[in-house]
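Participant: predicted model and sequence below, questions to follow.
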Amino acid sequence: MRYSRRFWSRWQNWLAAILVLSFTFVALAAPFLSPNDPKKPGPLKVVGRSTETEPQPPSENAPLGTLPHQLSVYHALVWGTRDAMRFGLLVAFSTACIGVLFGAVAGYAGGAVNRTMMRVTDAFLTFPIIAGVVLLQQLWLNAVYTNGGAITNLYGGSGPKAVSDSAIQVLLQHVDPLTISLILLSWMPYARLVNTLVIELKKTEFIIAAHALGATPERILFRHLLPNAITPAIVLVARDVGSFVILQATFTFIGLTGNSPWGFVLAAGRDWVIGPGGTIMTYWWTFLPATLLVILFGITWNLLGDGLSEVLDPHRD
C-alpha cells in the first residue's frame with residue numbers, strides 16, 4: 001500500500017500509466033479499430049489503387065492518409081502498436097531473465113567462477129549490437145536458403161516460405177533474427193547489475209543465517225538473494241521496452257532487418273518529407289504521425305521506469 005501511494009502521488013506516473021494502458025488498448029483492439037483486409041491480412045492495407053505512387057491526404061477510408069501505393073498510414077500505425085508491444089515486452093523480459101539469472105549465479109558462486117562469467121559478460125559488452133545483428137541476419141538467411149526457403153518481409157510477402165514441413169523449416173518461418181540478436185546481445189547490463197547486488201547481499205546477516213540453518217544453495221539463491229536483488233532489473237526492463245522498439249524501427253527504417261510497421265511507414269514516407277517547392281509539411285501524414293508515435297512510445301516507458309525507480313528505491317523514506 002505504501003508503494004502504491006508513493007507511485008500515484010506523482011503526476012508523471014499517472015501520465016505513464018495512462019499512456020501504457022492506451023497503447024495496450026490499441027494493441028488488443030487493433031482488429032476492431034482497423035480491420036484487416038480479408039484477402040491480405042497484416043499491418044499493411046491498400047485503400048486505393050496500388051499503382052498510384054503519390055500519397056493521398058486523410059480521407060474517410062484512410063483517416064491518416066496514405067503512403068505511396070496507397071498503403072493506409074492509420075492501419076499500419078494501429079497494427080504497429082500491437083507489434084511494438086509484443087516485440088518490446090518479449091525482448092525486454094527475455095534479456096532480463098537471461099541477465100538476472102546469469103549475474104545471480106555468478107555472484108553466488110563467487111571466486112574464479114564469478115570472475116570467468118563476468119569476463120564473458122564483458123566480452124559480450126564489447127561486441128557492437130549492429131555487428132551482431134548483421135552476423136545473425138546473414139546466418140539466418142543462409143539457413144533459410146539452405147533449407148529451401150525464400151525470404152520476404154513487410155516490403156513484400158509474408159516471411160520465409162518453406163518447400164516442405166520439416167522441423168527446421170517450420171522453425172525458420174517463425175524466427176525473427178532481430179529478436180534473437182537483441183536478446184543475445186542485450187542481457188549484459190542486467191547481469192552486471194544483479195551480480196553486484198548479489199555479492200553485497202551474500203555478506204548480510206540473513207544470508208549467513210540461512211547458510212547456518214542448512215538452506216540449500218537453490219533456496220538461498222531463489223528465495224533470498226534474487227527477490228532482494230531484482231528491483232533495479234524491474235526498472236531497467238520498463239525502460240528497455242521502449243528502447244528495443246525504437247531499435248527495431250531504426251533497423252527497419254535503414255533496411256537492415258526487422259519488420260516494424262512503424263519503421264516501414266517512416267521508410268516509405270522519407271522521400272516525401274520535402275514536398276513540391278521545398279515545403280516540409282505538404283505530405284505531413286507520411287512521416288509526422290509515425291515519428292510522434294515512436295517518440296511517445298519511448299517516452300512512455302521511460303516515464304514508467306523513472307516512476308518505478310523512485311517508488312522501489314530502498315533508500316527513500
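Facilitator: Noted; the coordinates are in hand.
Participant: who's in contact with the residue nearest to residue 302 when sequence neighbours are not counted?
Facilitator: Across the structure, with Cβ to Cβ, 6 or more residues apart in numbering as the measure, the residue nearest residue 302 apart from its sequence neighbours is residue 239 (5.6 Å). Any C-beta I mention is one placed from the backbone N, CA and C, and that applies to glycine too. Under the criterion of Cβ atoms under 8 Å, 6 or more residues apart in numbering, the neighbours of residue 239 are 301, 302, 304, 305.
Participant: narrow those residues to those in helices?
Facilitator: Judged by DSSP state H, the subset of the contacts of residue 239 located in helices is 301, 302, 304, 305.
Participant: low-scoring stretches of the stretch 1-150 of the chain, by residue?
Facilitator: With pLDDT under 70 as the threshold, the stretch 1-150 of the chain has low-confidence stretches at 1-3, 144-145, 147-150.
Participant: grab the longest helix from the chain for me.
Facilitator: With DSSP H applied, the helix covering the greatest number of residues in the chain is identified as helix 73-109.
Participant: from the chain's centre, how far out does that one sit?
Facilitator: In this view, helix 73-109 has its centroid 5 Å away from the chain centroid, taken as Cα atoms, centre = their mean, to the nearest Å.
Participant: which parts of that helix are buried?
Facilitator: Buried residues in helix 73-109, counting neighbours by 16 or more other Cβ atoms under 10 Å, are found at 73-85, 87-92, 94-96, 98-109.
Participant: same check on stretch 243-262?
Facilitator: 243-253, 257-262.
Participant: so which of these are in strands?
Facilitator: In strands, judged by DSSP state E, none of the buried residues of stretch 243-262 are found.
Participant: keep only those of those that are in helices.
Facilitator: If you go by DSSP H, these have 243-253, 261-262 in helices.
Participant: could I get the residues you listed in a markdown table, plus columns for pLDDT?
Facilitator: Formatted as a markdown table, these follow (pLDDT from 0 to 100):
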| residue | pLDDT |
| --- | --- |
| 243 | 94 |
| 244 | 95 |
| 245 | 96 |
| 246 | 95 |
| 247 | 93 |
| 248 | 94 |
| 249 | 94 |
| 250 | 93 |
| 251 | 92 |
| 252 | 92 |
| 253 | 92 |
| 261 | 94 |
| 262 | 95 |
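Participant: list just the nearest of those to residue 186.
Facilitator: Nearest to residue 186 out of these is residue 244 (Cβ to Cβ; 7.5 Å).
Participant: quick one: that closest one and residue 88 touch, right?
Facilitator: Yes - contact between residue 244 and residue 88 holds when scored by Cβ atoms under 8 Å: they sit 5.1 Å apart.
Participant: tell me, how many residues neighbour residue 225?
Facilitator: Using other Cβ atoms under 10 Å as the criterion, residue 225 is surrounded by 24 other residues.
Participant: quick one, what contacts it?
Facilitator: Under the criterion of Cβ under 8 Å, 6+ apart, the neighbours of residue 225 are 104, 107, 108, 198, 201, 202, 207.
Participant: what is the helix or strand hosting residue 31 packed up against?
Facilitator: When elements are assigned from DSSP states H and E, residue 31 belongs to helix 30-33. Here helix 30-33 is seen to pack against helix 73-109 when contacts are counted using 3 or more Cβ pairs under 8 Å, 6 or more residues apart in numbering; DSSP states H and E.
Participant: and the closest residue to residue 12 other than its chain neighbours, what's its pLDDT?
Facilitator: Of all residues not flanking residue 12 in the chain, residue 303 sits nearest, at 5.6 Å (Cβ to Cβ, 6+ apart). Reading off the confidence values, residue 303 has pLDDT 94.
Participant: again with residue 218
Facilitator: The per-residue confidence score, pLDDT, reads 85 for residue 218.
Participant: what sits against the residue minimising distance to the centre of the chain?
Facilitator: Closest to where the C-alpha atoms of the chain average out (Cα atoms, centre = their mean) is residue 88, at 2.3 Å. With Cβ under 8 Å, 6+ apart as the criterion, the residues that contact residue 88 are 240, 241, 242, 244, 245, 301.
Participant: for those residues, which one is nearest residue 278?
Facilitator: Among the contacts of residue 88, and counting by Cβ to Cβ, the member closest to residue 278 is residue 245, at 32.4 Å.
Participant: perfect, I'm done here.
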